[in-house]
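A.B. asks: here are the coordinates; sequence isn't available:
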């Protein structure tokens, strides 16, 4: 069983940056694709970014995050990251980390078996 714990959320002004971390425990997730999703207030959960397992050579982003967000991983620390810059008020959401038991990444939340509890990101205007 894999447990995921997100950290790094908080309150930031528009234009600012934050780095979210997702620490995995229970077993190594080196071979697992990992992803970030978010749920804005009153809206459905949506895809943010995903990274393939092992070297993380394949990444994919939601269109609205391209060029602003960067997903990465450190297998030695069993941790994934989401670097967010040029933040906008519409980025306000609970951000969730997810992992799946396959190397290939996916934009579909149904493909992920393990989820963290989320971390709140609030961007003020």
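C.D. replies: In hand now; what should we look at? All values reported here derive from a predicted model rather than from experimental measurement. Numbers count the residues shown, from 1 in each chain.
A.B. asks: isn't residue 15 right next to residue 89, touching?
C.D. replies: No - using C-beta atoms under 8 Å, residue 15 is not in contact with residue 89, being 10.4 Å away. Using the backbone N, CA and C atoms, a C-beta is placed for each residue, glycine as well.
A.B. asks: residue closest to the middle of the protein?
C.D. replies: The centre of the chain sits closest to residue 36, judged by C-alpha atoms, centre = their mean, with a distance of 2.4 Å.
A.B. asks: So what sits opposite that residue in the bridge?
C.D. replies: Note on residue 36: beta-bridge partners by DSSP bridges are residue 49, residue 97.
A.B. asks: residues contacting it?
C.D. replies: 20, 22, 48, 49, 50, 71, 80, 82, 95, 96, 97, 98 (C-beta atoms under 8 Å, 6 or more residues apart in numbering).
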